[in-house]
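> Predicted model, plus sequence, below.
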Amino acid sequence: MRIRIAIGTIAIMFIMILPANAGGKSELQKYFSDAATKVKATDDASGKREILNKSFLNMSKALGTVQSLPFISGNDRIGIDNFKAKLQEKQDELAGSNGFVRVSDGQLNAFSDYVVKDQEQAFEMITISLVALLLIILIVILVV
């Protein structure tokens, strides 16, 4: 009987983690989607760049904070590193640094949409545990 209870408990935990993990990823996607909406609502290019840059910086700060926590696993650190690298590429592209051509003022709305779609794909390829994902969301909310 105890084995059934233990197996049932483990199965329920796995079933509950999947929606929570998806929910965490959707919260991060929402963060970038909200930034894209703000970009489109802004008329001047410098304001658009500032919104995008601030969203990148806040996310990078949250990722760095979570990565520095002592209880984050090695696999999570690797996943966060990969996510940070993709985020840095977007920052470089926005600014036109590190070999990237600067996004033109007229393309900022399209670039914000591109960032949202690219981050959605990154979440599918990058593995970060539920605990780390929830910590990232929490820190992003606190920073913003």
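Looks like it arrived, so ask away. Numbers count the residues shown, from 1 in each chain.
> In the chain, where is pLDDT below threshold?
Segments of the chain classed as low confidence (criterion: pLDDT under 70) are 1-26, 122-135, 137-139, 141-144.
> do you know how far the nearest residue to Q29 once chain neighbours are set aside is from K86?
Take Q29 and drop its neighbours on the chain: the residue closest to it by CB to CB, 6 or more residues apart in numbering is E120, 5.6 Å away. (Glycine included, C-beta is placed from N, CA and C.) When CB to CB, to the nearest Å is applied, the distance between E120 and K86 equals 12 Å.
> picking that back up, quick one: contacts of the strand or helix carrying the residue nearest to Q29?
With elements delineated by DSSP states H and E, E120 resides in helix 108-125, which encompasses its position. Residues outside helix 108-125 that contact it (CB atoms under 8 Å, 6 or more residues apart in numbering): 25, 28-29, 32-33, 35-36, 39-40, 45, 48-49, 52, 82-83, 86, 90, 93-94, 103.
> can you map out the helices along this protein?
Listed from the start of the chain, the chain has helices (DSSP state H) covering 2-41, 45-67, 74-95, 108-125, 130-143.
> and D43, how many neighbours?
D43 has 7 neighbours, counted by other CB atoms under 10 Å.
> Could I get the phi/psi values of it?
Dihedral angles phi and psi of D43 (degrees, to the nearest 10) take the values phi -90, psi -40.
> I'd like to know how far it sits from N109.
Where N109 is concerned, D43 sits at a distance of 11 Å (CB to CB).
> ok, now F32?
Taking CB to CB as the measure, F32 and N109 are separated by 14 Å.
> Neighbour count: the two, which is higher?
F32 (23 against 14).
> Test my guess that that one contacts L52.
No: F32 sits out of contact with L52 when judged by CB atoms under 8 Å, with a separation of 9.6 Å.
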